[in-house]
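*Asks:* This is the structure alone, sequence omitted:
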């Protein structure tokens, strides 16, 4: 029978997955017909990057239309910029977890059963990134969080049994983040071109290709035993992600933060689920739900880990830090900060 460390995640995350999927699919009728209508007539969107496969072309045009509605509306664009600018945790953390679990599999630590299968799944981050393009970021992260918790019960969040990635691994993560995610997202926002938007949809492939090329180029080093000097590069990488996420949070909500307008900050993240919304408002609501469920999923990993280990004080501290930190630096910076704190306090 599963212990407490497995039971709590099994109770929380499937419910979160069900709720997120329900809300996303319930929201689709509010904007899906309008987006499909844009793809049903000859237009710039309709003719971009035709593959010859009707199902693929329809899905691609739907995605392009969705993002261009967000880009053309001031409020929706503001949140899209915020979402992309603070998305580093959802790229970096899975990449780091993949390296750690790959080393566990190749080392002496081997787990059978569910934990072993889940750990194997975590070593393929590009698959998870690909799922975000199909099942949305919010739904995917709820499933990922469950896998993350089950892979190493009672120690997943702290990483007590995890071998640190090598320095070259960390350099590879940084390069992958910049070339595979940051640059395509920057091009998406700056160009506002349907062809660029279509190419942005393939960012999981860019991440997979860059990671593969980097690991092949340094295979002899990556497969070697991790060196003790890799802690500093991890700290620098995570600190850089915190600064980047905090920058986008503060720059986007500078006036609200300066005036200590908590209600306006809450309103910025709070999705409205009214069916009478306009198309841009529905798209913005979809993006807000994406952000909320992805953040909540990874944050709950740390919180449930504290509860399963009986660290009530640590759990209360996480709640306080999460609340205050989300207001000042942003939710994404809080997520990376928790990982950085765990790295620093590791024995």
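*Replies:* It's in. Not measured: the values here are computed from a predicted model.
*Asks:* and after the least confident helix or strand in the chain by mean pLDDT, which helix or strand comes next?
*Replies:* Ranking every helix and strand in the chain by mean pLDDT, DSSP states H and E puts helix 219-222 at the bottom, with a mean of 54. The helix or strand immediately downstream of helix 219-222 is helix 231-252, counting by DSSP states H and E.
*Asks:* tell me which residues of whichever helix or strand comes after that next one are tucked away?
*Replies:* Going down the chain from helix 231-252, the next helix or strand is helix 254-258, by DSSP H and E. When neighbours are counted by 16 or more other C-beta atoms under 10 Å, the buried residues of helix 254-258 are found to be 256, 257. Every C-beta, even on glycine, is put in place using the N, C-alpha and C of the backbone.
*Asks:* which residues sit against helix 254-258?
*Replies:* Applying C-beta atoms under 8 Å, 6 or more residues apart in numbering, the contact partners of helix 254-258 are 250, 261, 264, 265, 268, 327, 328.
*Asks:* Which helix or strand contains the fifth one?
*Replies:* It stands for residue 268. Taking DSSP H and E as the criterion, residue 268 maps to helix 262-269.
*Asks:* tilt between that helix and helix 231-252?
*Replies:* If you take axes from the mean of the first three to the mean of the last three C-alpha atoms, to 10 degrees, helix 262-269 sits at 110 degrees to helix 231-252.
*Asks:* other SSEs contacting the next helix or strand after helix 262-269?
*Replies:* Next along the chain after helix 262-269, taking DSSP H and E as the criterion, comes helix 279-308. For helix 279-308, the contact count by 3 or more C-beta pairs under 8 Å, 6 or more residues apart in numbering; DSSP states H and E identifies helix 4-39, helix 54-72, helix 74-85, helix 89-106, helix 137-151, helix 262-269, helix 312-328, helix 331-345 as packing neighbours.
*Asks:* Mean confidence (pLDDT) on the last one, please.
*Replies:* Helix 331-345 shows an average pLDDT of 92 in the prediction.
*Asks:* The longest one now?
*Replies:* Helix 4-39 comes out with an average pLDDT of 86.
*Asks:* Can you point out the buried residues in it?
*Replies:* By neighbour count on 16+ other C-beta under 10 Å, the buried set for helix 4-39 is 5-6, 8-9, 12-13, 16-17, 20-21, 23-24, 27, 30-31, 35, 38-39.
*Asks:* ok, now the third one?
*Replies:* By neighbour count on 16+ other C-beta under 10 Å, the buried set for helix 74-85 is 76, 77, 79, 80, 81, 82, 83, 84, 85.
*Asks:* Likewise for the last one?
*Replies:* Of the residues in helix 331-345, those buried by neighbour count under the rule 16+ other C-beta under 10 Å are 331, 332, 333, 334, 335, 336, 337, 338, 339, 340, 342, 343.
*Asks:* Output the residues you listed in a markdown table; the columns should cover distance to residue 211.
*Replies:* Below are these laid out as a markdown table (distance: C-beta to C-beta, whole Å):
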| residue | distance to residue 211 |
| --- | --- |
| 331 | 26 |
| 332 | 22 |
| 333 | 24 |
| 334 | 26 |
| 335 | 21 |
| 336 | 19 |
| 337 | 25 |
| 338 | 24 |
| 339 | 19 |
| 340 | 22 |
| 342 | 23 |
| 343 | 21 |
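*Asks:* Go through the residues you listed and say which is closest to residue 53.
*Replies:* For residue 53, the nearest member of these is residue 332. The distance, counting by C-beta to C-beta, is 35.6 Å.
*Asks:* mind listing what the closest one touches?
*Replies:* By C-beta under 8 Å, 6+ apart, the contact list for residue 332 reads 86, 87, 88, 89, 245, 249, 295.
*Asks:* Can you give me the neighbour number for the first one?
*Replies:* What it means is residue 86. Other residues within reach of residue 86, judged by other C-beta atoms under 10 Å, total 26.
*Asks:* Also the one 3 residues further on?
*Replies:* The burial count assigned to residue 89 is 26, neighbours taken as other C-beta under 10 Å.
*Asks:* Same question for residue 291.
*Replies:* Taking other C-beta under 10 Å as the neighbour definition, residue 291 ends up with a count of 22.
*Asks:* Just confirm it contacts residue 271, I think it does.
*Replies:* No - judged on C-beta atoms under 8 Å, residue 291 makes no contact with residue 271 at a distance of 9.1 Å.
*Asks:* if I look at the spatially most central residue of the chain, how far off is residue 132?
*Replies:* For the chain, the residue sitting closest to the mean C-alpha position, by C-alpha atoms, centre = their mean, is residue 90 at 2.5 Å. Here residue 90 is placed at a distance of 8 Å from residue 132 (C-beta to C-beta, to the nearest Å).
*Asks:* All good on my end, thank you.
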